[in-house]
Every structure is written in C-alpha cells, then in structure tokens.
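**Student:** okay, structure incoming, though there's no sequence with it:
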Ligand SMILES: Nc1ncnc2c1ncn2[C@@H]1O[C@H](COP(=O)(O)OP(=O)(O)OP(=O)(O)O)[C@@H](O)[C@H]1O
Ligand SMILES: O=P(O)(O)OC[C@H]1O[C@H](OP(=O)(O)OP(=O)(O)O)[C@H](O)[C@@H]1O
Ligand SMILES: O=C(O)c1cccnc1
C-alpha cells in the first residue's frame with residue numbers, strides 16, 4: 001500500500017517541523033552540503049511501566065521516504081514563507097535545490113514486530129546531514145506512535161491469552177491517521193481484527209463487528225430488534241444484550257438463536273457492554289449452554305484494558321471468549337506518547353573524512369546520548385531464548401572478550417561467553433536512497449511479534465515491576481562515551 005497516495009492522495013513531504021527546513025537551509029547557505037551525519041532513533045523508557053516494547057511503523061516510514069520529493073506546489077509554499085523582517089525565509093537557490101532533491105541516505109532499521117529495549121536504535125540514518133535532519137520528525141511521528149500502540153496490543157494479547165481480541169478504537173482515536181495507524185499497529189501487536197473498515201481495506205486486516213444499542217432502541221422491543229437483525233444477516237449474529245435488562249437480553253438472544261438454528265444458521269455470539277462483566281458472563285454462559293448454544297461466543301466491551309481483562313479472566317473466572325477494546329488501546333489512554341528521540345552519533349565534513357563522535361550531555365545520565373555508528377547485537381542462549389542485547393560501534397573491530405555495560409549504571413554489566421549465538425538487529429532498508437529491503441506482508445509482521453514474544457523470559461512480560469532485560473554498550477563504546485563526557489566536562 002502507498003500511504004501517501006492511497007490514504008491522502010497528496011504528498012507528505014512537508015510533514016516535518018519547520019526547523020528541519022531552516023537547519024537544512026543553514027547547511028545549504030553556508031556551504032555544508034557535503035557534511036555527513038549518523039543519527040539514531042531510540043527511546044529511553046518502555047511505555048506503560050512495562051518491560052518490553054514492540055517496534056512498529058517501518059512500512060509506513062519506507063513509504064514516506066520512497067515518496068520524499070518536493071513538487072512545484074510544495075516548493076512554492078516554502079518560497080512563500082517569510083522571516084521576522086517580512087523577507088523570504090529561504091533564498092531562491094535553496095528552493096531550486098529542493099526542487100531537484102533526491103533522497104540519498106542509507107537507512108538501517110530493526111524489522112517491524114521486533115521486541116526492543118531502551119537505548120537501542122530502531123532506525124539509523126546515515127548520509128548528507130541536511131537530509132538526515134529533514135526526516136527526523138516524520139521518523140519519530142511514525143515509529144513512536146505505532147510502537148506505542150503495538151506494545152499496548154501485545155500487552156492485551158498477554159492478558160487475553162488465546163481469546164479473540166478485537167480493536168474497536170476508531171470513534172475515540174486521535175483523528176483520522178491516529179485511528180488508521182492505531183488499527184494497523186493493534187493488529188500487528190496482537191489483535192485479531194478491527195472494526196475500522198478503511199483500515200481493513202488499506203492494510204489487509206480482518207474486519208469484525210456486532211451492532212450498537214441504537215439498533216435495539218430503534219425497534220419497539222429488544223426481541224423484534226434481534227429478530228429483524230437475524231432476518232437481515234443470519235450469518236453474522238452477535239446480539240448486544242445489555243440495552244435494557246441483560247439477563248432478559250440473553251433470553252431474547254437464545255429465543256432468536258433457536259429460530260436461526262431451525263433455519264440452519266448459528267447464533268454466533270452475544271455482547272455484554274455494561275454491568276458486572278464477570279457475573280453477567282457466567283450467568284449468560286450457563287443460560288446459553290443450557291439451551292444448547294455451547295459454541296455461541298460471549299463478547300465483552302466497555303473500557304477494557306490489559307489489567308481488567310487479566311483480572312476478569314484470572315481472578316473472576318469471567319466466561320468471556322472475545323474482548324473488544326477501544327479507547328484504552330487506540331488512544332493509548334494511560335500513556336499517550338512514546339518518548340522516542342533522534343540523536344546524532346557522529347559527523348564528518350565530507351564522505352572522505354573521518355567520523356567525529358558526538359554526545360549530547362545532560363544532568364541525567366539516562367539522557368546522555370550514545371556516540372558512534374551503532375548496531376544492536378542480540379545474543380541467544382543455546383535453547384534459543386534471548387540472553388542480552390549489546391549496542392556497539394559498527395565501524396570498530398570488536399574485542400575478543402565481549403562485555404556489555406549498562407550506560408546508566410556501570411555496575412550493571414554482563415560478560416558474553418565466547419561463541420554465543422547472535423543476530424544483528426539493524427537491517428539495511430535504503431542504500432543511497434534506494435530501497436533494498438523486501439517489505440514483509442502485515443501477516444508476517446504480526447507473526448514476528450508472537451514469535452519474538454516467545455523468546456523472552458516471562459519476567460519481562462509481567463505488568464508490575466517487570467524484570468529488566470540486560471541491554472548495554474559494548475565495553476569499548478562505553479569507554480569512548482565516558483571519554484567524550486570527560487572531555488566536555490573539562491571544557492566547562
Ligand atoms: N467484574 C468486574 N470487575 C472489574 N471491573 C468491571 C467488572 N465488570 C465491569 N467492570 C468495569 O467497570 C467499569 C464500569 O462499568 P459499568 O457498566 O458499571 O458502568 P458504565 O460503563 O457507566 O455502564 P453503562 O454503559 O451502563 O453506563 C467499566 O470499565 C467495566 O469494564
Ligand atoms: O469502551 P471502549 O473500549 O472504548 O470500546 C468501544 C465502545 O464503543 C461502543 O460504545 P458507544 O457507547 O460509543 O456505542 P454503543 O451504543 O454501540 O455502545 C462500544 O459499545 C464500546 O463500549
Ligand atoms: O462492532 C462492535 O461491537 C463495536 C464497534 C465499534 C465500537 N464498539 C463496538
């Protein structure tokens with residue numbers, strides 16, 4: 001799918017912060033067009049006080065970058081912008097430069113659906129620094145949100161276990177793309193289907209749904225509402241039973257279910273949307289089973305989240321088979337943003353000079369950025385489970401004995417035994433602006449999440465005080481970073 005074309009019918013190339021253009025102009029104007037940079041997009045803390053994050057959004061980003069060029073219309077808009085003196089912000093020559101712009105960076109990224117951890121680059125951009133800067137904001141916009149939602153969906157999947165999980169968030173999501181991106185990321189992270197029909201069409205996600213209270217209220221009685229629905233759609237009957245009296249509603253659903261059965265159809269399910277979902281689902285299950293509707297599903301909705309689902313299933317023996325989750329998922333109610341950042345790791349004056357490593361200092365150790373041209377190596381135990389991740393400098397030779405050090409606490413470190421199996425997570429996506437990556441189908445990305453989740457110890461997946469998976473800097477990169485910190489401190 002082509003997000004820019006299919007979704008908006010317009011180019012998204014101006015979808016960046018103004019300062020990316022003013023800095024780009026600065027490089028152009030002062031003769032720094034050959035200056036190169038390496039940037040890394042990463043986050044510092046898992047969302048939802050959790051112990052893992054699911055990387056998501058890369059396919060959107062690929063689409064954005066493949067379409068990154070500036071039309072006559074777009075450059076005309078930029079040319080119309082004025083500075084504080086009322087004169088054009090950008091000179092004509094820069095506008096001409098943008099008109100001929102061709103994206104030419106190298107991009108490496110972790111595959112969508114990979115379980116990732118703080119400080120690990122999810123996307124690495126290398127190339128003309130002007131271009132690296134222009135794409136900072138869209139990278140963060142796309143990757144932060146979809147990774148947040150995919151992580152939420154993966155948490156819901158942990159709670160729902162083998163039950164069906166439906167995403168019902170469109171009506172409460174943050175606008176149009178907020179809803180579409182959320183439906184995509186929810187499916188990837190762990191939902192089985194969405195109620196969002198456009199997302200279904202655009203992304204190839206299964207669509208599912210029941211009916212609303214308004215359907216029931218628009219008839220003289222609940223019974224006639226169910227009967228009419230069954231008449232219209234005998235192959236898709238999930239009756240919402242809580243408009244008036246839930247137990248009575250279940251009885252009405254059973255009554256219509258018997259007629260459906262007699263006509264060779266099935267009562268697919270009932271939906272509970274209010275009241276005590278544990279008590280009512282237990283009652284409804286008994287009534288349905290007693291009437292011979294053992295395979296009729298019980299769907300629940302109403303402000304559900306991963307904690308409530310886990311509680312209803314594990315503590316209250318709720319008899320719910322299908323969970324419909326809207327607001328808490330699509331609007332990421334308990335944490336509205338993943339604080340991913342995009343930081344420069346090294347610069348060079350032109351492609352033939354040496355990299356100069358860079359760090360951003362901060363009072364908080366966790367906020368000091370990591371230098372270098374980073375890659376992430378994931379080490380595995382012999383049984384295939386993940387052992388630890390190491391962030392290392394790709395252009396330096398690694399020592400024979402590997403030690404990984406937590407960048408915010410050097411006492412937390414780990415030696416990696418020789419010959420440990422590993423995999424490097426950042427994969428080539430663009431080389432000199434050309435796509436070199438085979439974009440996986442959404443189904444494959446979704447399967448990757450399930451497979452990835454199975455590779456990690458259950459401790460990192462628990463909701464309260466999760467275990468911290470070991471991630472650190474390779475020792476020589478850690479030393480380089482420490483030396484840079486000292487150098488800057490001595491300059492003060
Ligand atoms: N057994 C339960 N244990 C814990 N929380 C529950 C249980 N059953 C329902 N809930 C949750 O309690 C909250 C309140 O539900 P309730 O139906 O009482 O109020 P409501 O949403 O205002 O109902 P209505 O839609 O009828 O106005 C919802 O978030 C619901 O998911
Ligand atoms: O609670 P959420 O997790 O956000 O799930 C979506 C909610 O949206 C619908 O309610 P709404 O009152 O909008 O419409 P309805 O008349 O169909 O219930 C649905 O019945 C759910 O309760
Ligand atoms: O199909 C449903 O039951 C549905 C869809 C959107 C929101 N709430 C419920």
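**Tutor:** Received it, and whenever you're ready, just let me know what you need. All of these numbers come straight from a predicted model, not from anything done at the bench. Ligands and ions are numbered 1, 2, ... in the order given.

**Student:** show me where this protein dips below the pLDDT cut-off.
**Tutor:** Low-confidence segments of the chain, defined by pLDDT under 70: 1-6.

**Student:** name the SS class of whatever residue of it ends up closest to ligand 3, please.
**Tutor:** Closest approach between the chain and ligand 3, counting by Cβ to the nearest ligand atom: residue 209, at 2.9 Å. The C-beta positions use only the backbone N, C-alpha and C, and glycine is treated the same way. Under DSSP: H, G, I helix; E, B strand; the rest coil, residue 209 falls in the coil class.

**Student:** which one is the closest residue to ligand 1 within the stretch 1-150 of the chain nearest to, not counting chain neighbours?
**Tutor:** In the stretch 1-150 of the chain, the residue that lies nearest ligand 1 is residue 48 (17.6 Å; Cβ to the nearest ligand atom). With Cβ to Cβ, 6 or more residues apart in numbering as the measure, residue 335 is the residue that lies nearest to residue 48, at 5.6 Å, once sequence neighbours are left out.

**Student:** cool, and residue 413?
**Tutor:** In space, and not counting its chain neighbours, residue 413 is closest to residue 405: 4.3 Å by Cβ to Cβ, 6+ apart.

**Student:** now swap in residue 459 and tell me
**Tutor:** When the adjacent residues along the chain are set aside, residue 459 lies closest to residue 467, with 3.1 Å between them (Cβ to Cβ, 6+ apart).

**Student:** which bits of this protein sit near ligand 3?
**Tutor:** Neighbours of ligand 3 within the chain, by Cβ under 6 Å from any ligand atom: 168, 195, 209-210, 271, 301, 324, 326.

**Student:** show me what contacts whichever residue of the stretch 101-250 of the chain sits closest to ligand 1?
**Tutor:** Evaluated by Cβ to the nearest ligand atom, the stretch 101-250 of the chain has residue 242 as its residue closest to ligand 1, separated by 7.1 Å. Counting by Cβ atoms under 8 Å, 6 or more residues apart in numbering, residue 242 makes contact with 249, 271-275, 280.

**Student:** kindly report the same for residue 237.
**Tutor:** Residues counted as contacts of residue 237 (Cβ under 8 Å, 6+ apart) are 226, 229-230, 256-257, 260, 265-269.

**Student:** contacting residues for the residue nearest to residue 459?
**Tutor:** Residues counted as contacts of residue 467 (Cβ under 8 Å, 6+ apart) are 51, 457, 459-460.

**Student:** give me phi/psi at the residue of the stretch 51-200 of the chain at minimum distance from ligand 2?
**Tutor:** Nearest to ligand 2 in the stretch 51-200 of the chain, going by Cβ to the nearest ligand atom, is residue 168, at a distance of 4.1 Å. For residue 168, the backbone dihedrals (degrees, to the nearest 10) come out as phi -120, psi 30.

**Student:** and the residue lying closest to it once chain neighbours are set aside, how far from residue 286?
**Tutor:** Excluding the flanking residues, the one nearest residue 168 by Cβ to Cβ, 6+ apart is residue 326, at 3.9 Å. Using Cβ to Cβ, to the nearest Å, residue 326 is found at 28 Å from residue 286.

**Student:** and for residue 161?
**Tutor:** Spatial separation of residue 161 from residue 286 under the definition Cβ to Cβ is 22 Å.

**Student:** please apply the same query to residue 393.
**Tutor:** Taken as Cβ to Cβ, the spacing of residue 393 relative to residue 286 amounts to 63 Å.

**Student:** what's the answer for residue 91, then?
**Tutor:** In this view, residue 91 and residue 286 are 77 Å apart by Cβ to Cβ.

**Student:** near ligand 1, which residues of the stretch 301-450 of the chain are found?
**Tutor:** Proximity of the stretch 301-450 of the chain to ligand 1, by Cβ under 6 Å from any ligand atom, involves residues 302-304, 308, 312, 316.
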